[in-house]
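Asker: sequence first, then the predicted structure, then my questions.
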Amino acid sequence: MFSAFRVALSMCVPFFVVATVSVAAMAGEVSKPASASTVVPSAKEIPPDEVIKTVTDEVIAIIKQYPKLQSDADRKKLSLLVEAKLEPYFNFAHMTKLAMGRNWRNATPAQQTVLIQEFRTLLLRTYSVVLLSYEDNAPEFKPSRMAPGDTDVMVRMEVKRSGGQVIAIDFSTEKTASGWKAYDIIVDSMSLITTHRSSFASVVRDSGIDGLIKQLAEKNRPSVQKGQPKK
């Protein structure tokens, strides 16, 4: 099964990450809300490791509302709810720019806008599919090495799969005006950005930037998301 995971990884690394963490914690409790007397720090003050834990807790809460996904309507509703929760924690504009590499400068502002939109849609929508593909796992966060003034921090985590296999997961996070956001995820040394940069460059070389946009749009079609052959 692990070989299948690596095949799917090139398209949906971030969603495997959240899925494994979320499904693992389904049997646990979601963090309790702070009491009225508790001083809650602003989003800008929350450290990156807490940001990653926060998105995990929020997705867990969503999953608990849908213990059994038996219909397409439930899957669609879950997908939309998860997208809304994930959105604040990922810098999709930066991720798209990094994945495009030098070709980003060759894209017009209009093309850049569409690329960000399509790349975001691909990543977020794939999550709901991957979410149903993995069994319970036990996530373990590693202490972050962060010095005062750091604006780029790696958050490390491990997921223990059935059979004892441990998968290392690293989140590259950056400090933005609205708080810490993830801009790359590395699973067992496989980077989301590096993987897509290679594939994007190949498509742009053969079909141009419009060709890449067309390919991403085709992948985002509902029939393709469900694994049905493209027409």
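Answerer: Happy to help now that I have it. Residues are numbered from 1 along each chain as shown.

Asker: what is the helix of greatest length in the chain packed up against?
Answerer: The longest helix of the chain (DSSP state H) is helix 192-219. Other helices and strands packing on helix 192-219, by 3 or more Cβ pairs under 8 Å, 6 or more residues apart in numbering; DSSP states H and E, are helix 2-24, helix 92-100, helix 103-106, helix 109-131, strand 179-187. Yep, even glycine has a C-beta here, placed from its N, CA and C like the rest.

Asker: show me what the third one is packed against.
Answerer: Applying 3+ Cβ pairs under 8 Å, 6+ apart, one finds that helix 103-106 makes contact with helix 192-219.

Asker: tilt between the helix it packs on and helix 92-100?
Answerer: 100 degrees (axes from the mean of the first three to the mean of the last three Cα atoms, to 10 degrees).

Asker: regarding residue 163, what is its secondary structure?
Answerer: Counting by DSSP: H, G, I helix; E, B strand; the rest coil, the backbone at residue 163 sits in coil.

Asker: and it, how many residues sit next to it?
Answerer: 7 (other Cβ atoms under 10 Å).

Asker: if we can go back for a sec, quick one: buried residues of the longest helix of the chain?
Answerer: Residues of helix 192-219 classed as buried by neighbour count (16 or more other Cβ atoms under 10 Å): 192-193, 195-197, 200-201, 203-204, 209, 212-213, 215-216, 219.

Asker: that older thread, could you tell me the least trusted of the helices and strands packed on helix 192-219?
Answerer: Out of these, helix 2-24 stands lowest, with a mean of 40 (criterion: mean pLDDT).

Asker: low-confidence regions, the protein specifically.
Answerer: 1-44, 60, 69-70, 126-139, 162, 222-231 (pLDDT under 70).

Asker: kindly list the longest strand within it.
Answerer: strand 166-176 (DSSP state E).

Asker: ok, it: who's next to it in the sheet?
Answerer: strand 152-160 (antiparallel), strand 179-187 (antiparallel) (DSSP bridges).

Asker: could you dump those to TSV with mean neighbour count and distance to residue 49?
Answerer: Output for the strands paired with strand 166-176, formatted as TSV (neighbours: other Cβ atoms under 10 Å; distance: least, Cβ to Cβ, whole Å):
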stretch	mean neighbour count	distance to residue 49
strand 152-160	18	5
strand 179-187	22	9
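
Asker: which of those strands sits closest to residue 50?
Answerer: strand 179-187 (8.5 Å; Cβ to Cβ).

Asker: send me stretch 212-223 as PDB with only the CA atoms.
Answerer: This file holds the C-alpha atoms of stretch 212-223, laid out as PDB (Å, rounded to 0.1, in the frame of the first residue of the first chain):
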ATOM      1  CA  LEU A 212      -0.600  24.100 -18.100                       C
ATOM      2  CA  ILE A 213      -3.700  26.000 -17.100                       C
ATOM      3  CA  LYS A 214      -5.800  23.800 -19.300                       C
ATOM      4  CA  GLN A 215      -4.300  20.600 -17.800                       C
ATOM      5  CA  LEU A 216      -4.900  21.800 -14.300                       C
ATOM      6  CA  ALA A 217      -8.500  22.800 -15.100                       C
ATOM      7  CA  GLU A 218      -9.100  19.300 -16.600                       C
ATOM      8  CA  LYS A 219      -7.800  17.700 -13.400                       C
ATOM      9  CA  ASN A 220     -10.100  19.800 -11.400                       C
ATOM     10  CA  ARG A 221     -13.200  18.700 -13.300                       C
ATOM     11  CA  PRO A 222     -15.500  16.700 -11.000                       C
ATOM     12  CA  SER A 223     -15.300  13.600 -13.200                       C
END
